[in-house]
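what would the 3D arrangement of this be:
(2 chains, ligands or ions: 5)
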Amino acid sequence: MATVRVSQIAVSDKLCKGCYLCIWACPWNVLEISEERNWRGVKKPIATKIENCRACRLCEYYCPDFAIQVIVDEEEEKKLLEVEERYEKPWLRRIEKRNEIVSRGVWWLES
Amino acid sequence: MIPESEFENVLAKKYMRTEIMPHAFCPGCGLGIIERIILMAFEELGWDEWEKTVFVSGIGCSGWVPLYFRRDAAHTLHGRALAFATALKASRPELNVIVVMGDGDSMGIGGNHLIHAARRNIGITAIIATNMLYSLTGGQMAPTTPEGARTQTTPYGSIEPNFDLMELLKAAGATYLARWTTYHFMQAKNSLKKAVKHKGFAAIEILFQCPTYAGRYILNKPDPRDMLQWFKENSVPLTVAKKKDPEELKGKILVGEFLHRTDRVEYTEKLKELEKRAKGG
Ligand SMILES: Cc1ncc(C[n+]2csc(CCOP(=O)(O)OP(=O)(O)O)c2C)c(N)n1
Ligand code: SF4
Ligand code: SF4
Ligand code: SF4
Ligand SMILES: [Mg+2]
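Ligands and ions are numbered 1, 2, ... in the order given. Here you go, the predicted structure:
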């Protein structure tokens, strides 16, 4: 069950080179290789199971060509940001704190 | 629905010269992920930091990375990016100078500039894109090629041990050091944010997938997905590595933040001090 409604996963006709790192990165098997080639000769990835998409954006992050984007409608985006504010920000702050401590720990003279 | 023929990624639209894209890199090349790491770091650092940033790059596939940004960039001679950047930083210390170099560029032909920039502790952020060989020229051996690896110039396996950049720069006097792979893009982005804010010589080594040469010659993995999977399975965080014995860590990639010193004074600050002294102030 998806927690957000994703309206479209857009893949650029101009930029996609068909490396399929987005498919590799997706934890929810949303994307698949399409059947036909576009005008650049690329079989682009298409979102066959868009209802499974959680808008985690890993596909975007691992795309080296800035070719893919997960498009969430505005209402949903607001909801996502709210979740981030409530749950993810404190978690990120904890990680930052931990990083600080770890970086003090790798002080070169001690190692 | 956005028509896919004219769609542009938001990050690319904000920061990049989309009119000259798609970029010249091979399909699946990790240099695009390095571009994203840089842009994501600046997205969080803010537009003001971006406005006072200048990029300098050397020659190699990796030298093309900053040329796609809507920002001033100098594409210098092979190995001389740091020499150019040193002069730039000395004359305009208020700028963020970010240097993007390949492994051959920085440690092979430009090795001297690298250790001396670290020795001076000049406030430059060096991003070193390691793919374990020279890729622009066709896959020759680089100082980072692992011992025993097959490349275009070492068809029977390399007999030379490779450089460990982190140890090299630690000894030379750098004050911020981190190593990540393109698999660890979030961590790399966090390190880059720190490095840009750091006063002193900061170097971040990012291992990236070069499916065309490193993939085919060294790892026998011509698919970028297999290379990222390999990064994932073969990297060990520093904190975990400390508990393991060296035999276990052979052939693994140590990742993490290696060094963060604040006890050395930055070069351009010393330069300012000197100027004052020389003028009798
Ligand atoms: C003075 C000089 N010598 C040699 C070359 C040829 N050359 C161009 S790129 C390159 C190696 C680049 O390797 P690396 O820095 O690892 O970058 P990569 O392409 O792997 O990203 C060489 C030897 C040159 N351009 N200039
Ligand atoms: S990662 Fe990007 S370039 Fe590669 S197939 Fe997916 S959308 Fe296309
Ligand atoms: S946003 Fe996440 S779940 Fe959705 S397609 Fe991309 S990787 Fe898959
Ligand atoms: S040769 Fe390697 S480093 Fe150069 S663009 Fe191709 S994949 Fe990237
Ligand atoms: Mg290289």
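
I'd like to know how many residues surround the residue lying closest to A:Ala55 once chain neighbours are set aside.
Distances taken as C-beta to C-beta, 6 or more residues apart in numbering or on different chains place A:Val4 nearest to A:Ala55, at 4.8 Å, with adjacent residues excluded. All C-beta atoms are positioned from the backbone trio N, CA, C, and that covers glycine. A:Val4 sits with 16 neighbouring residues when counted by other C-beta atoms under 10 Å in any protein chain shown.

one more: the one 5 residues further on?
A:Ile9: 22 surrounding residues under other C-beta under 10 Å.

again, but for B:Gly102
Neighbours of B:Gly102 under the rule other C-beta under 10 Å: 34.

which residues touch it?
B:Gly102 sits next to B:58-63, B:128-131, B:134-136, B:142 when contact means C-beta atoms under 8 Å, 6 or more residues apart in numbering or on different chains.

mind doing that once more with 6 Å?
Applying C-beta atoms under 6 Å, 6 or more residues apart in numbering or on different chains to B:Gly102 gives the contacts B:Gly60, B:Ser62, B:Ala129.

checking the last one next. Helix, strand or coil?
This means B:Ala129. Under the three-state scheme (DSSP: H, G, I helix; E, B strand; the rest coil), B:Ala129 adopts strand.

ignoring the adjacent residues along the chain, who's closest to it?
B:Ser62 (3.9 Å).

ranges for the strands of the stretch 151-281 of chain B?
Ranges of strands in the stretch 151-281 of chain B, per DSSP state E, counting those that start in this stretch, are B:176-181, B:202-207, B:235-237, B:253-260.

determine which of the ones you listed approaches ligand 2 most closely.
When those are compared by C-beta to the nearest ligand atom, strand B:176-181 sits nearest ligand 2, at 16.8 Å.

just checking: what are the partner strands of the closest one?
strand B:202-207 (parallel), strand B:253-260 (antiparallel) (DSSP bridges).

okay if I get the strands of the stretch 151-281 of chain B as TSV plus mean neighbour count and mean pLDDT?
TSV is the format used below for the strands of the stretch 151-281 of chain B (neighbours: other C-beta atoms under 10 Å in any protein chain shown; pLDDT from 0 to 100):
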stretch	mean neighbour count	mean pLDDT
strand B:176-181	26	96
strand B:202-207	27	97
strand B:235-237	17	92
strand B:253-260	22	94
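
save these as CSV, and put in distance to A:Lys44 too.
Shown next, in CSV, are those (distance: least, C-beta to C-beta, whole Å):
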stretch, distance to A:Lys44
strand B:176-181, 26
strand B:202-207, 27
strand B:235-237, 30
strand B:253-260, 32
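
how about those strands, which one is nearest B:Phe25?
Closest to B:Phe25 of those, according to C-beta to C-beta: strand B:202-207, at 14.5 Å.

so where is chain A shaky, pLDDT-wise?
For chain A, the stretches flagged by pLDDT under 70 are A:1-3, A:98-111.

show me the contacts for the residue nearest to the spatial centre of it.
With distances taken as C-alpha atoms, centre = their mean, A:Arg57 lies nearest the centre of chain A, 1.4 Å away. Counting by C-beta under 6 Å, 6+ apart, A:Arg57 touches A:Val70.

how much space between it and ligand 4?
Here the distance between A:Arg57 and ligand 4 works out to 23 Å (C-beta to the nearest ligand atom, to the nearest Å).

ok, B:Leu238 to B:Phe258 distance?
Distance of B:Leu238 to B:Phe258, computed by C-beta to C-beta, to the nearest Å: 7 Å.

likewise A:Glu88?
According to C-beta to C-beta, A:Glu88 stands 28 Å off from B:Phe258.

neighbours of the closest residue to A:Asn38 other than its chain neighbours, how many?
Spatial nearest neighbour of A:Asn38, chain neighbours left out: A:Asp13 (5.4 Å); criterion: C-beta to C-beta, 6+ apart. Look at A:Asp13: counted by other C-beta under 10 Å, it has 17 neighbours.
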